[in-house]
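Asker: build me a model:
(2 chains)
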There are 2 protein chains.
Amino acid sequence: MRTSQFPLQTIKEIPADAEIASHRLMLRAGLIRKLAAGLYTWLPLGLRVLRKVERIVREEMDRAGALEVAMPAIQPAELWQESGRWEKYGPELLRLRDRHQRDFCFGPTHEEIITDLARNELKSYKQLPINFYQIQTKFRDEIRPRFGVMRAREFLMKDAYSFHLDDESLAQTYQQMHTTYCRIFNRCGLDFRSVQADTGSIGGNASHEFHVLAASGEDAIAFSTASDYAANVELAEAMPLNTALSTPSELARLIDTPNARTIADLVEQFEQPITRTIKTLIVAASDAVDADLVALLVRGDHELNAVKAEKLPQVATPLRMATEAEIRTVIGAGPGSLGPKELPIPCIVDRTVAVTADFSAGANQDGKHWFGLNWGRDLPLPEVADLRNVIEGDPSPDGQGTLTIARGIEVGHIFQLGRKYSAALNATVLGEDGRATTLTMGCYGIGVSRVVAAAIEQHHDERGIIWPTPIAPFAVVLIPMKLSKSYRVREATEQLYANLQSAGIEVLLDDRDARPGVMFADMELIGIPHRIVIGDKGIDDGQVEYKGRTDAEMQLIPFTEIVDFIRDRLNTVV
Amino acid sequence: MRTSQFPLQTIKEIPADAEIASHRLMLRAGLIRKLAAGLYTWLPLGLRVLRKVERIVREEMDRAGALEVAMPAIQPAELWQESGRWEKYGPELLRLRDRHQRDFCFGPTHEEIITDLARNELKSYKQLPINFYQIQTKFRDEIRPRFGVMRAREFLMKDAYSFHLDDESLAQTYQQMHTTYCRIFNRCGLDFRSVQADTGSIGGNASHEFHVLAASGEDAIAFSTASDYAANVELAEAMPLNTALSTPSELARLIDTPNARTIADLVEQFEQPITRTIKTLIVAASDAVDADLVALLVRGDHELNAVKAEKLPQVATPLRMATEAEIRTVIGAGPGSLGPKELPIPCIVDRTVAVTADFSAGANQDGKHWFGLNWGRDLPLPEVADLRNVIEGDPSPDGQGTLTIARGIEVGHIFQLGRKYSAALNATVLGEDGRATTLTMGCYGIGVSRVVAAAIEQHHDERGIIWPTPIAPFAVVLIPMKLSKSYRVREATEQLYANLQSAGIEVLLDDRDARPGVMFADMELIGIPHRIVIGDKGIDDGQVEYKGRTDAEMQLIPFTEIVDFIRDRLNTVV
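Answerer: Here you go, the predicted model:
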């Protein structure tokens, strides 16, 4: 391809609303343009990248034996009413009416449609397992679309749905999809982690997220320094930290603390080690307990994990922090002076809190704290649970190594859904025993367009994008110097262009005849992995200049060897 | 691919609501399933065909230098308001509101979006001409979706839009797209015609439709027996038919015709040749004339062409036939007794009417007709215009041969749009003279999913689909006899399967081990062009049975030659 026929649409301005690197670079490099909030047009250069990711996804899904289908984007409300999601799904669901005033939605996901297909098409256990997928434009009406295609309203998604007679078969396909996803993201040239995830509102038994590691990622991921363990911080199990803190050495004493309302105040004003302070958080109680409020205790330097808290039977879902008025009514003191001793409501303490000695906590009287408290000796140990977010350096829950926290961008998510949809829609097959058996189901998503943005977040520098070769719009750019003035340059360029194409290498010939600086800057911005420059001087010496996108220096390569040189690079370097 | 891994979803029942062959066969062969009115899921087998058509379209658009983009399906109302189409477009436009109560539509076409992109991205004449295309799911809320994917609400479309500095450049790209469309439909193996079309509501200068010829087609196409002339009957020019009818030989006479209210009555009761009868049709007048009604006259055996009538300045648009009450009020007679003599309203006659002698027509008195009328002698000749539909045997308007009428399915449409959208959206570039010049524009559509249905309409028999090889889901099916019982059959089948695949031939191995009749019937239903049967007896003789989908008889081919034999067939037979 030549830039004269495949015009670049690079721009110099940095768009004001582009907060993250991939958003800025996708606009500047001319990969996308904004049409409206969360709606983007993919320009030719960007679409080449998107199609490469799409092709890798398709090839690997096909390799795994999944069957590609194409379901309508517009879905009738009736099926969503059958599954119960018509009511439950929030305003992210774009609801609409057709000309006959019938309700439809623009599909954000296709569980209902595929389960309807399955109940009609699948009759016998002999047809199982089966795994359908599609690569399709989805719509989710995000309240605040941002970060370009990273969190757009319209986006390209690969969604797959497998059906099984039993959980064992589901687990097998789930494992196969896990392997397939690893292959896909590896082939895309991405540094990623598969992490245990919360099954959340979708429900089901098991779930993994696939995160591309990048500092700008919205998710925090914990992974072990010494094993394969990785989990979303939302889910990662926090072990008790009891090193040298569990033996009582102080007497309990009630202290006036008129100016200490926060953990930081206590540490600062009374020289308490933060690891011996306790935070008492008051939340709304569930119907399961005979109280309006429940206290959750974590160490002063730890954070309450809302997902874990919501799993406690005593705690109302969704989690709600009590107001100061509620707290004062029930406890008689303000939020800055609360603690477990003589607390009149149910209390649950984090595992680390349970093994902390000589700790300080509020006395449930304004302006007073207890110091030197010890469980058992000064007050009974309440119920213990895992309540906190893991932090860097925590022991890994699998006992191997310690945890590192990294930021990740979720690009894939796989679920063992179980029978949630198949039971609601009565999707059964005849089992081996001849009786109707409800199908069990898995679902597997990849945000295809988000992969493009995530790749940029992970691979860029101050000059622009650095594409991993497998998803680069072109593998090589060929830049001739003074094309219009030198017949020799023109001839050598055309010959090398033809040779690279014959070798099956995707090459972009920059025949704009612009200033070298402009061409170099554009090609670095759009992130072509390999650059070849042809000029009169090099032709005299039988050489071209080569520079990899991340190389510090260019090198001279004989004209006769450059195609093989590039081919070697493409085969060895991702 | 093996049927054990790529399960067929053929069904025996003929769906009651499937009116045409392609709809029935697509359901029976398991290509599609209905989700709701006008909404279909493409099953794996159907999607393979759709993707092949899509690939051919993409390759030829790329070859023509068009640049692929991907615009959002959801479009903001603001741009449609700018073009004026938000108000004008009927209820086919699926309008919707997002969570912030902003108006959007699900795009039925993308002129506004691409013109907005063009006005932002194109600055100079140097960037022209440029041609963008996309292959995308569109939505049109048809009032009565029918015929399966032929007239669905959601469908896959290739839409392209070119931008130019002047009409000459537009005409060049238009011609290039015409050639590209011919290549596309030829490569799909379709018998098609490019026909002149009405530019209709889209406006613009020139337009061609591409029709796949099929008896079930919704459109009538006229084409010459002796030249390239072809036009939609809506548009085809009707020449005067004056052979031996223009010389007066009778006297005018007023006859009582109490029981003659139709042309058929006149012909039957008075032995008038139908070619000497005149139909007087009364329609609503436009503001351009000082009358409420206008009379349009066509010969008794001809039909009024509404598109042509609407182009007359005297006629109200849209065309509306007058009611009997209106006619009686103005003319004093009923619709069965109208004629041009002493008619009190403006009158326009068809070209053939103008050259007809000795004709009969109503006398504008109930129960009376004139016979033997002649223009000039008995009444003045009114304004003459082309008013009628062409019919089989008409002279071709280009003077070469006569017209044949065939039915066609519209699969493509190209337009020279001109400045309709670019002027409304103020899309300009700097011209060579440095002044802002409004872009001129072409648009080019292909109904990708409709091509699949049209191919079936053109290529099927009572046993099922007969795919043209280039879009067949598989080129060859390999059917082993008694697979589970014969080790030799299994071994020979696997070897031939591997050999066909190595030769780059797309082969489906039917390893279901079902009864031969079931396998044969399924493969004929789904329309695989070439069938190879392997059985024990053939292995003894070193032969396989080969049968083309349309062959009357099978033939025996040596096992060692079958791959070459198939390859030859694929290279020569479409």
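
Asker: check the residue positioned nearest the centre of chain A and give its pLDDT.
Answerer: Nearest residue to the geometric centre of chain A (CA atoms, centre = their mean): A:Glu410, 1.3 Å. For A:Glu410, the pLDDT comes out at 96.

Asker: which residues touch it?
Answerer: Counting by CB atoms under 8 Å, 6 or more residues apart in numbering or on different chains, A:Glu410 makes contact with A:Glu209, A:Phe210, A:His211, A:Glu218, A:Asp219, A:Gly447, A:Arg450. Every C-beta, even on glycine, is put in place using the N, C-alpha and C of the backbone.

Asker: now render those residues as CSV, adding secondary structure, pLDDT and distance to B:Leu93.
Answerer: Formatted as CSV, the contacts of A:Glu410 follow (DSSP: H, G, I helix; E, B strand; the rest coil; pLDDT from 0 to 100; distance: CB to CB, whole Å):
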residue, secondary structure, pLDDT, distance to B:Leu93
A:Glu209, strand, 94, 39
A:Phe210, strand, 96, 39
A:His211, strand, 96, 40
A:Glu218, coil, 88, 36
A:Asp219, strand, 90, 39
A:Gly447, strand, 98, 29
A:Arg450, helix, 97, 30
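
Asker: please tabulate the residues you listed in JSON lines, including the columns neighbour count and distance to chain B.
Answerer: As requested, the contacts of A:Glu410 are exported to JSON lines (neighbours: other CB atoms under 10 Å in any protein chain shown; distance: CB to the nearest CB, whole Å):
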{"residue": "A:Glu209", "neighbour count": "26", "distance to chain B": "26"}
{"residue": "A:Phe210", "neighbour count": "27", "distance to chain B": "24"}
{"residue": "A:His211", "neighbour count": "31", "distance to chain B": "26"}
{"residue": "A:Glu218", "neighbour count": "14", "distance to chain B": "21"}
{"residue": "A:Asp219", "neighbour count": "16", "distance to chain B": "24"}
{"residue": "A:Gly447", "neighbour count": "25", "distance to chain B": "15"}
{"residue": "A:Arg450", "neighbour count": "25", "distance to chain B": "15"}
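
Asker: find the closest residue to chain B in the stretch 151-300 of chain A.
Answerer: Taking CB to the nearest CB as the measure, the stretch 151-300 of chain A has A:Glu154 as its residue closest to chain B, at 4.9 Å.

Asker: same thing with the stretch 251-400 of chain A?
Answerer: In the stretch 251-400 of chain A, the residue that lies nearest chain B is A:Pro318 (19.9 Å; CB to the nearest CB).

Asker: test my guess that that residue contacts A:Glu310.
Answerer: Yes: using CB atoms under 8 Å, A:Pro318 is in contact with A:Glu310, at 6.7 Å.

Asker: higher neighbour count, the two?
Answerer: Each of A:Pro318 and A:Glu310 has its neighbours counted (other CB atoms under 10 Å in any protein chain shown); A:Glu310 has more, 15 against 9.

Asker: can you give me the helices for the stretch 201-350 of chain A?
Answerer: Assigned by DSSP state H, counting those that start in this stretch, the stretch 201-350 of chain A shows helices spanning A:263-270, A:306-310, A:324-331.

Asker: what about the longest strand in chain A?
Answerer: Ordering each strand of chain A by length in residues (DSSP state E) puts strand A:403-418 first.

Asker: adjacent strands (with direction) for that strand?
Answerer: Strand A:403-418 pairs in its sheet with strand A:207-213 (antiparallel), strand A:219-224 (antiparallel), strand A:440-447 (antiparallel), by DSSP bridges.

Asker: dump it to PDB, keeping only the CA atoms.
Answerer: Extracted as PDB, the C-alpha positions of strand A:403-418 are listed here (Å, rounded to 0.1, in the frame of the first residue of the first chain):
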ATOM      1  CA  LEU A 403       1.500 -10.400  46.200                       C
ATOM      2  CA  THR A 404       2.300  -7.700  43.700                       C
ATOM      3  CA  ILE A 405      -0.400  -5.300  42.700                       C
ATOM      4  CA  ALA A 406      -0.600  -4.200  39.100                       C
ATOM      5  CA  ARG A 407      -3.100  -2.200  37.000                       C
ATOM      6  CA  GLY A 408      -4.900  -4.100  34.300                       C
ATOM      7  CA  ILE A 409      -7.300  -3.400  31.400                       C
ATOM      8  CA  GLU A 410     -10.000  -6.100  31.200                       C
ATOM      9  CA  VAL A 411     -10.100  -7.400  27.600                       C
ATOM     10  CA  GLY A 412     -11.700 -10.800  28.200                       C
ATOM     11  CA  HIS A 413     -14.000 -12.500  30.600                       C
ATOM     12  CA  ILE A 414     -15.100 -16.100  30.800                       C
ATOM     13  CA  PHE A 415     -17.900 -17.500  33.000                       C
ATOM     14  CA  GLN A 416     -19.300 -20.800  34.000                       C
ATOM     15  CA  LEU A 417     -22.800 -19.500  33.900                       C
ATOM     16  CA  GLY A 418     -24.500 -22.800  34.800                       C
END
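
Asker: now render the contacts of A:Glu410 as a markdown table, adding distance to B:Ala64.
Answerer: Listed next are the contacts of A:Glu410 as a markdown table, based on distance: CB to CB, whole Å:
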| residue | distance to B:Ala64 |
| --- | --- |
| A:Glu209 | 43 |
| A:Phe210 | 39 |
| A:His211 | 41 |
| A:Glu218 | 42 |
| A:Asp219 | 44 |
| A:Gly447 | 32 |
| A:Arg450 | 32 |
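
Asker: those residues: which two are farthest apart?
Answerer: Using CB to CB, the contacts of A:Glu410 span at most 14.1 Å, a distance reached by A:Phe210 and A:Glu218.
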